[in-house]
Structure formats: C-alpha cells, structure tokens
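Enquirer: got a sequence here, can you build the structure:
(one chain, ligands or ions: 1)
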Amino acid sequence: MAVETTSYTEQTDEQRAIIEMVRQFVDEQILPKAEHYDAADEYPEPIVEQMKELGLFGVTIPEEYGGMGLDLTTYVMIVEELSRGWISISGVINTHFIGSYLLQKFGSEEQKQKYLPRMATGEIRAAFSLSEPELGSDVQAIKTSAKKQDDGTYEINGQKMWVTNGLTSSLVFVLVKTDPDAQPRHKGFTCFIAEKEPGASENTGEYAGLTVPPKIKKLGYKGVESTELVFDGYRCPAENILGGEEAGLNKGFAQMMDALEVGRANVAARGVGIAQRALELALRYSQERKTFGKPIAEHQAIQFKLADMATQVEAARLLTRRAARMKDAGERSDLEAGMAKLFASEAGRFCVEEAFRIHGGYGYSKEYEIERLYRDAPLLLIGEGTSEIQRMVIGRKLLQRHKI
Ligand SMILES: Cc1cc2nc3c(=O)[nH]c(=O)nc-3n(C[C@H](O)[C@H](O)[C@H](O)COP(=O)(O)OP(=O)(O)OC[C@H]3O[C@@H](n4cnc5c(N)ncnc54)[C@H](O)[C@@H]3O)c2cc1C
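Expert: Prediction:
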C-alpha cells in the first residue's frame, strides 16, 4: 500500500513558476548589484521599482485588493530566494508584509479598501514599529503614548527606535500606550496606522509632528534604512486605529503579537536564504582554492564543514516551511515559528562563519561576497525577537501544551 507523505519541499506548479522567476531576478538584478548598494549604503531604488513590477509587494494580499492572494508558504519561499541575493532586499518587504497581514486580519473593511490596493502595487509601503530607545524585547515597557483630544483625534508623543523602512514608508503600524492604568499592562496598548510623507525627514501639514532623524549607521544590513521616529504632537484620526476605534482601542498588543508569529516565519526564511548563499559560495571556493597540492574541498576537514552547513540549511528550510504550512492550515504555529526563527537565524550565522573560514584570508577582503554576508547575518539573531527571547517563547509554549 502506498504511504502518503507530504514533503515540506514539495512545490505546486504555481510556486515553482514564481520561485523560478524570483531566482532569475535575484541572479540577474540583485546579486551583481548588492556590492555597490552595500558599499554606498544606498537605497536600492531601481531594484525596488522592479519588485513593484513583479508584484512582490502584493504576494499575500488577496486578489480582490489587487494582490496575488498567495499563502505564507509561498511567501517564505520567495523571501528565502530574495535573502539569498541580499537580506536588505527582504528587509524592504518584510515590514510591508507584516503591515498588510495586520490589515487583512484586523483591519476594518474601510481600512482594507483604503490601503491594500496601493500596498499591493508597492505604491505605498509599510513600516512596523514596536521598539523604543529603552526597549526591544520587553514590549510592554512601551512609553510612547496616544491621548484622545477634544476634536476626536489622538495625539501621539514619544520616540520609536530601529524602524526599518522608517523614511521610505508611507504607513507605520505603530504600537503605543493608550491606557496607562491598564492591568495587566498589555491591555493598554493600541496599534495606530500612522500616515506620513515617504522620504520626508520633517513631516508637515496633516502629518506634522512626526520627524525622522538621519538613518542609523549599521554594521551590515545596509541600503534599507533603520531610523528613529519622533512623535511630538502628531495627530492621528481615530479611524486610523487598526480595526477602527470601537474594535481596536486597547487591542494592539495581541494584534502585534499575532503579526510577530508570521514575522518570525519570515525571518526564518531570511536565515535559510543567507545560509544557502553561504553554502553556495563555500562549495565554489573550496573547489577552486588549492593547498598542499589539491583543492581544499578534498581535505576532510573542509568536507565536514560543507556537510554540516548543508545539513543546517536543509533542517532550517524544513522547520521554516513546516511553520508556514501549519499557519496556512489554520493551526497554531507560535511554537513552530519560534523554533524556525531560532534555528534558521542561528544556521544563517553558522553557515556564514564556516564559509568565511573556508575562504581563509580572502574572506576578510571586500573583494569576496562572504565579507558582506558576515556583516549581514548577525541581524537575524536580533530582529523580531532575539535567540534568548525565542527560547523563552518555545519553553513557555512547550509547558502550556504539555501541562500535567
Ligand atoms: C537593523 C535592525 C532593524 C530593526 N527593525 C525593527 C523594526 O522594523 N521595528 C521594530 O519595532 N524593531 C526593530 N528592531 C529592533 C529589534 O526588534 C530589537 O533590537 C530586538 O527585539 C532586541 O531588543 P533590544 O535591542 O532592545 O535588546 P534588549 O531587549 O535590551 O536585550 C539585550 C540582551 O538581553 C537579552 N534579554 C532581554 N530580555 C531577556 C530575558 N528576559 N531573558 C534573557 N535574556 C534577555 C536579549 O536577548 C539580548 O541579548 C530592529 C533592530 C535592528 C538591529
């Protein structure tokens, strides 16, 4: 009797066609140009324009709002390919994807109609803002606040930190405190859809009160900007509370935590992509470079490194796709998304370091791509929850599921 199995690497014809298209785009348009944009720390505008044409900003947005209506599994396959090219490119769509997920899941019909069609084309792009100068892991310590005014608008005051796409975005899904006395604290936060002028450091007119300081200088993850956001008397209409005022006021914490679950599958895919690229570079270099009269790939010590890298890549890919498939099937996947994020981001770091070692002294030179990967990979250990925080999430969920 035939045993039915579901391979996590299995792809539908549609997925295969899209992945082929994205891989070609990465090989022709991202890999040859990443070095330039990385060195100049320049926003890759022409690449972003091509991504709009390919429809990549609307992959998961339903067709009725102008997107492709594809599932999370297909999305993580695409993110893996983009990250194989350059993780900064996946950074351009990561927060946008989280914003569109929040709108689809929690937005009112008016909000969906207003934003999703223009988000699907990439005409407007989204940022996602939880972190502040004094907090990242401890989200409930958020100090930025919003207070209702006599005219019905909410005035937002406070400072946000590390906002990816903070300058180029038109929308920021921002979590702020709306009830300082709430107990427990997480019942006092609201997610606002803060509109802004893309590219403007000083917003004026209806968006006055929102300033974007110069982008933060970083170790890697160049090109895509990370900024602070300073809210000082910024007025947000009540209808820009995610889900509307009645449904969304003080519901922001749970909404954002839900979004982090898909965000983690997405970061895991970025780990797989960078690990895959490191493996490709190591496989090539180790067959070209000779020591002691033979290619270094023929030394067992190097072969063992390649073997460990390939095993890590495959395991990270399986965990990531499993978390995405479970989410698509409507199953709880918080534990699985945490495991995928933890394992794949650490696999990314591991594979990049092993590939760096295999490159010997040349790995330390800017002539070789591995040098960029070495600066890019550590971000994945931090963003969307550090490895320590993932272990906390996994441990807590394990005990919940296996309570005696
Ligand atoms: C390039 C970049 C882009 C980013 N983009 C965004 C973005 O778009 N939007 C956004 O909101 N944020 C963004 N972040 C912020 C990111 O999410 C935070 O940096 C991350 O959550 C960690 O928070 P933190 O830096 O405040 O570290 P902290 O929370 O101060 O943690 C410091 C250290 O302590 C550990 N730690 C903390 N609490 C515990 C605990 N209870 N038990 C054990 N160990 C603990 C952490 O694991 C870490 O090792 C970005 C960060 C970077 C670097």
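Enquirer: so which bits of this protein are right by the ligand?
Expert: 95, 128-131, 135-138, 162-164, 218, 221, 226, 379, 382-383, 385-386, 388-389 (C-beta under 6 Å from any ligand atom). For every residue, glycine as well, the C-beta is placed using N, CA and C.
Enquirer: just the buried members of these?
Expert: Neighbour counting with 16 or more other C-beta atoms under 10 Å marks 95, 128-131, 136, 162-164, 221, 226, 379, 383, 385-386, 389 as buried within the residues of the chain next to the ligand.
Enquirer: of all those, which comes closest to the ligand?
Expert: residue 136 (1.8 Å; C-beta to the nearest ligand atom).
Enquirer: where's that closest one relative to residue 264, distance?
Expert: 15 Å (C-beta to C-beta, to the nearest Å).
Enquirer: for the stretch 1-150 of the chain, which segments are assigned as helices?
Expert: Listed in chain order, the helices of the stretch 1-150 of the chain (DSSP state H, counting those that start in this stretch) span residues 13-25, 31-40, 45-54, 72-85, 87-106, 109-121.
Enquirer: which of these is buried the deepest?
Expert: helix 72-85 (a mean of 26; mean count of other C-beta atoms under 10 Å).
Enquirer: and that one, what other elements does it pack with?
Expert: Counting contacts by 3 or more C-beta pairs under 8 Å, 6 or more residues apart in numbering; DSSP states H and E, helix 72-85 packs against helix 13-25, helix 87-106, helix 252-288, helix 300-328.
Enquirer: those helices into TSV, with extra columns for distance to residue 347 and mean pLDDT?
Expert: As requested, those are exported to TSV (distance: least, C-beta to C-beta, whole Å; pLDDT from 0 to 100):
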stretch	distance to residue 347	mean pLDDT
helix 13-25	20	96
helix 87-106	14	97
helix 252-288	5	97
helix 300-328	4	97
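Enquirer: what's the closest of those to residue 400?
Expert: helix 252-288 (14.4 Å; C-beta to C-beta).
Enquirer: element containing residue 155?
Expert: Using DSSP states H and E, the element containing residue 155 is strand 154-164.
Enquirer: and that strand, what does it pack against?
Expert: The criterion is 3+ C-beta pairs under 8 Å, 6+ apart, and the helices and strands that strand 154-164 contacts are helix 87-106, strand 126-129, strand 145-148, strand 171-177, strand 189-195, strand 226-236.
Enquirer: how about a markdown table for these, with distance to residue 183 added?
Expert: Compiled in a markdown table, these are given as follows (distance: least, C-beta to C-beta, whole Å):
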| stretch | distance to residue 183 |
| --- | --- |
| helix 87-106 | 23 |
| strand 126-129 | 25 |
| strand 145-148 | 17 |
| strand 171-177 | 13 |
| strand 189-195 | 13 |
| strand 226-236 | 25 |
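Enquirer: which residues touch the residue positioned nearest the centre of the chain?
Expert: Taking C-alpha atoms, centre = their mean as the criterion, residue 94 is the residue nearest the geometric centre of the chain, at 3.6 Å. The neighbourhood of residue 94, defined by C-beta atoms under 8 Å, 6 or more residues apart in numbering, consists of 79, 164, 263, 266-267, 270.
Enquirer: can you tell me which of the residues you listed is nearest the ligand?
Expert: residue 164 (3.4 Å).
Enquirer: my guess is that closest one contacts residue 226, does it?
Expert: Yes. Shown here, residue 164 and residue 226 form a contact pair, counting by C-beta atoms under 8 Å, at 5.3 Å.
Enquirer: grab the nearest non-local neighbour of residue 344.
Expert: What sits nearest to residue 344 in space, not counting adjacent residues and going by C-beta to C-beta, 6 or more residues apart in numbering, is residue 271, at 3.3 Å.
Enquirer: I'd guessed the one you found sits against residue 313; true?
Expert: No. The pair residue 271 and residue 313 does not pass the contact test of C-beta under 8 Å, sitting 9.5 Å apart.
Enquirer: settle it for me: which of those two has more neighbours?
Expert: In terms of neighbours (other C-beta atoms under 10 Å), residue 271 is the more surrounded of residue 271 and residue 313; the figures are 34 against 25.
Enquirer: gap between the more buried one and residue 340?
Expert: Noted for residue 271: a distance of 8 Å to residue 340, by C-beta to C-beta.
Enquirer: can you list residues touching both of the two?
Expert: 316, 320.
Enquirer: what's the overlap in contacts for residue 271 and residue 313?
Expert: Taking C-beta under 8 Å, 6+ apart as the criterion, residue 271 and residue 313 both touch residue 347.
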